[in-house]
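Q: Okay, predicted coordinates and the sequence, questions at the end:
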Amino acid sequence: NQYGNMWRFESFSPYHLKIMKVTVENKKGLNKDLKIFIDKETINSYMDEKFEEIKKSVNLKGFRPGKVPKEILKRQFGKAVFGEVLDKVLKETSTKALEENKIKPAGQPKLDLKTYGEDKDLEYVLSVTELPKVEIKSLENIKFDEYTVKIDESETDKRIKQIAKNQPNFKEVSPDIKAKKGDLVSLDYKATVDGKDFKGSDGKNTQLTLGKDLFLKGFDEQLIGVKKNDEKIVEATLPENFPEKELVNKKAKFNCKILSVKQSEDVKIDDDFAKNLGAKDLNDLKTLISKQINDEFKNSLDQLAKNQILKEIEKINVDEIPENLVEDEVKVLSQGMSDEDAKKNKKNFEDKAKTRIKTGLILNEFGEINQIKVTEQEVQAEVQKQLSMMPGQEKMVMDFYQKNPSALASLRGTVYEEKILNLIKEKGNANKKEISKEEAEKILKEANKNESFHSHGEEKKESKKKSSTSSSKEKKLVTKKAKSKPLNKKTKKVSKK
């Protein structure tokens with residue numbers, strides 16, 4: 001329609017709603033019907049406003065701009081204007097009816113038009129499933145364990161020694177010393193197959209650590225015993241992935257000139273060593289490493305505390321969970337499964353869905369009451385965190401979030417949930433404990449074991465239903481992830497609008 005762009009209401013003025021009557025009928029459980037009546041004078045006032053608006057810009061043959069009579073406009077554009085007015089009125093009055101009656105819908109309400117038309121009253125029924133009322137008072141004093149790990153100096157020293165051990169520190173030896181396993185040999189070589197050169201047959205200043213066998217199979221062991229300035233002929237078979245396909249599996253002779261032999265020496269742990277790792281001195285390095293070890297456990301133990309909180313939230317009673325939300329969640333849980341498997345697992349999925357939805361509703365209610373918001377800066381910070389976890393793939397990850405608004409919304413939900421859980425922790429009743437590194441490892445190992453057992457237990461339960469006969473280091477100073485991490489507890493992700 002050529003006039004389509006003209007017909008866009010920015011908003012309706014509240015004075016238009018002369019008569020709006022809403023009757024709420026409680027049906028079964030959380031289901032409600034809202035019977036909504038808007039008088040024809042209200043609809044006509046919206047129509048008149050729109051005709052006045054398009055009158056200023058419409059051009060019709062035989063009339064000056066702005067002088068087209070309303071009756072002509074109604075005949076020409078009446079149906080189109082009414083369609084837009086109806087759409088706008090339905091949207092705004094349904095929202096107003098829900099807000100005034102303090103009804104939070106679980107999913108999209110269904111709308112059934114009863115009476116409508118130009119110069120007619122508007123009557124319709126809005127069928128809605130209401131979100132249940134949830135109690136969050138008990139969250140104010142929720143109990144959980146809060147651990148701090150005491151790192152012994154010996155643990156810090158052990159980590160620093162490990163870092164030093166992993167750093168290569170080769171020093172050249174005198175020309176009369178023979179190369180042995182573990183030494184670094186530098187060489188130039190010229191290779192031939194059947195006495196002929198081939199593409200890529202020359203190598204300059206090639207470095208091999210003897211015993212690692214990283215060049216060609218059996219190559220470096222033939223260099224054991226060589227000295228600087230020696231010449232040595234080494235024979236090796238060219239591999240399957242060799243670029244020149246006609247030479248694959250052919251035996252090549254390498255005429256090697258030994259440039260140097262270097263032997264590994266222990267790295268001296270001192271201020272210079274610390275500075276190479278980005279610390280001010282050795283004491284500063286020890287402080288940084290101690291914090292690093294502590295942080296490795298802190299992240300996992302914090303997650304463990306949050307899992308305890310989520311377990312406590314699961315115990316909170318919610319009288320009824322909206323069936324439409326359960327159905328949607330079951331579809332998510334059964335994605336990728338055959339119809340037969342989905343049907344067999346339906347009861348298990350329904351139980352999981354109800355738990356996840358209930359947890360999400362409680363967290364969301366807590367977030368709303370405490371006015372928790374997620375800023376754009378916080379979302380971008382989370383995106384940057386995701387980028388840092390995938391080095392070399394930053395552009396791909398960024399493109400993914402830019403092209404998938406739903407993925408970005410999910411990330412926002414993650415930040416929102418994290419902020420909610422952090423506030424619950426602040427308000428909660430923490431059982432503070434200082435533990436050793438060994439105790440921390442034991443706690444995390446046990447947590448992982450329990451999660452795995454719980455997961456396998458559910459699988460076994462399903463299996464039994466199927467058949468009664470079933471038988472039962474770093475060059476730079478970087479933060480390392482703890483070896484043992486508790487599994488994240490799955491909850492229905494809460495979203496922040």
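A: The structure has been received and is ready for your questions. What you are looking at is a predicted structure, and each value in this text was computed from that prediction instead of being measured. Numbers count the residues shown, from 1 in each chain.
Q: Show me where the protein has its helices.
A: 40-55, 70-100, 153-166, 271-276, 282-314, 323-333, 339-344, 346-369, 376-388, 394-403, 405-427, 437-466 (DSSP state H).
Q: With only the CA atoms kept, save the fourth one in CSV.
A: The one in question is helix 271-276. Provided in CSV are the C-alpha atoms of helix 271-276 (Å, rounded to 0.1, in the frame of the first residue of the first chain):
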residue,chain,number,x,y,z
ASP,A,271,64.7,-12.2,40.8
ASP,A,272,65.7,-12.3,37.1
PHE,A,273,63.6,-15.5,36.6
ALA,A,274,60.6,-13.7,38.3
LYS,A,275,61.0,-10.6,36.1
ASN,A,276,60.9,-12.8,32.9
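Q: Tell me the gap between it and the middle of its chain.
A: When distances are taken as Cα atoms, centre = their mean, to the nearest Å, helix 271-276 is centred 37 Å away from the chain's centroid.
Q: Mind giving me the packing neighbours of that helix?
A: helix 282-314 (3 or more Cβ pairs under 8 Å, 6 or more residues apart in numbering; DSSP states H and E). Where you see a C-beta, it was placed from the backbone N, CA and C, and this is true even at glycine.
Q: for the fifth one, same thing?
A: Helix 282-314 makes packing contacts with strand 143-150, helix 153-166, helix 271-276, helix 346-369, helix 405-427, helix 437-466 when contacts are defined by 3+ Cβ pairs under 8 Å, 6+ apart.
Q: So which bits of the shortest one are buried?
A: Neighbour counts using 16 or more other Cβ atoms under 10 Å place 273-274 of helix 271-276 among the buried residues.
Q: quick one: least confident helix or strand in this protein?
A: helix 437-466 (a mean of 67; mean pLDDT, DSSP states H and E).
Q: low pLDDT regions in the stretch 151-300 of the chain?
A: For the stretch 151-300 of the chain, no stretch has pLDDT under 70.
Q: Scan the protein for its longest strand.
A: The residue-count maximum for a strand in the chain (DSSP state E) belongs to strand 251-264.
Q: quick one: strands adjacent to that strand?
A: strand 170-172 (antiparallel), strand 184-192 (antiparallel), strand 231-237 (antiparallel) (DSSP bridges).
Q: CA-only coordinates of that strand in CSV, if you can.
A: The C-alpha trace of strand 251-264 is given here as CSV (Å, rounded to 0.1, in the frame of the first residue of the first chain):
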residue,chain,number,x,y,z
LYS,A,251,63.7,-43.6,1.9
ALA,A,252,65.7,-40.4,1.9
LYS,A,253,69.3,-39.7,2.8
PHE,A,254,70.0,-36.5,4.8
ASN,A,255,73.5,-35.1,4.7
CYS,A,256,73.6,-33.3,8.1
LYS,A,257,76.1,-30.6,9.2
ILE,A,258,76.0,-30.2,13.0
LEU,A,259,76.0,-26.5,14.0
SER,A,260,75.8,-26.8,17.8
VAL,A,261,74.9,-29.1,20.7
LYS,A,262,73.1,-27.6,23.6
GLN,A,263,72.3,-29.2,27.0
SER,A,264,69.5,-28.3,29.3
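Q: Now do it against helix 153-166, angle only.
A: Relative orientation of strand 251-264 and helix 153-166, computed by axes from the mean of the first three to the mean of the last three Cα atoms, to 10 degrees: 140 degrees.
Q: Would you mind listing the outside residues contacting stretch 198-206?
A: 186-192, 215, 243-244, 247, 252, 259 (Cβ atoms under 8 Å, 6 or more residues apart in numbering).
Q: Try it again at 7 Å.
A: Applying Cβ atoms under 7 Å, 6 or more residues apart in numbering, the external contacts of stretch 198-206 come out as 186-192, 243-244, 247, 259.
Q: Can you tell me which of these is closest to residue 283?
A: residue 186 (37.0 Å; Cβ to Cβ).
Q: Please verify my assumption that the closest one contacts residue 260.
A: Yes. Here residue 186 reaches residue 260: they are 4.6 Å apart, a contact under Cβ atoms under 7 Å.
Q: which residues does the closest residue to residue 60 other than its chain neighbours contact?
A: Once flanking residues are discounted, residue 60 sits nearest to residue 68: 5.3 Å by Cβ to Cβ, 6 or more residues apart in numbering. Residues near residue 68 by Cβ under 7 Å, 6+ apart: 55, 58, 60.
Q: Among these, which one lies nearest to residue 156?
A: Among the contacts of residue 68, and counting by Cβ to Cβ, the member closest to residue 156 is residue 58, at 80.1 Å.
Q: What is the burial count for that closest one?
A: Residues within reach of residue 58, counting by other Cβ atoms under 10 Å, total 19.
Q: Can you pull up the most central residue in this protein?
A: residue 411 (5.6 Å; Cα atoms, centre = their mean).
Q: The residue lying closest to it once chain neighbours are set aside: how many residues sit nearby?
A: Sequence neighbours aside, residue 382 is the residue nearest to residue 411 in space, at 5.3 Å (criterion: Cβ to Cβ, 6+ apart). Number of residues near residue 382 (other Cβ under 10 Å) recorded here: 18.
Q: One more: residue 334?
A: Using other Cβ under 10 Å: residue 334 sits among 17 other residues.
Q: List the contacts of it.
A: 342, 345, 349.
Q: again, only using 6 Å
A: When contacts are counted by Cβ atoms under 6 Å, 6 or more residues apart in numbering, residue 334 touches 342, 349.
Q: quick one: it from residue 73, how far?
A: 54 Å (Cβ to Cβ, to the nearest Å).
Q: Look up how far residue 229 lies from the residue nearest to residue 216 when sequence neighbours are not counted.
A: Leaving aside its chain neighbours, residue 216 sits nearest to residue 236 (4.0 Å; criterion: Cβ to Cβ, 6+ apart). From residue 236 across to residue 229, the span is 22 Å (Cβ to Cβ).
Q: higher neighbour count, these two?
A: Neighbour totals were compared for residue 236 and residue 229, and residue 236 leads with 17 against 11 (other Cβ under 10 Å).
Q: Looking at the helices of the chain, spot the one closest to residue 24.
A: helix 70-100 (8.6 Å).
Q: Quick check: phi and psi on residue 268?
A: Residue 268 adopts backbone torsions of phi -80, psi 120, taken as degrees, to the nearest 10.
Q: residue contacts, residue 233?
A: So residue 233 contacts 253, 255 (Cβ under 6 Å, 6+ apart).
Q: One more: residue 175?
A: Per Cβ under 6 Å, 6+ apart, neighbours of residue 175: 227-228.
Q: just residue 152 next, same as before
A: Taking Cβ under 6 Å, 6+ apart as the definition, residue 152 has no contacts.
Q: partner residues bridging the residue lying closest to residue 430 once chain neighbours are set aside?
A: Excluding the flanking residues, the one nearest residue 430 by Cβ to Cβ, 6+ apart is residue 146, at 4.0 Å. Beta bridges link residue 146 to residue 432, judged by DSSP bridges.
Q: Would you agree residue 146 is in contact with residue 429?
A: No. Counting by Cβ atoms under 6 Å, residue 146 stays clear of residue 429, with 9.8 Å between them.
Q: Near residue 112, how many other residues are there?
A: Residue 112: 11 neighbours (other Cβ under 10 Å).
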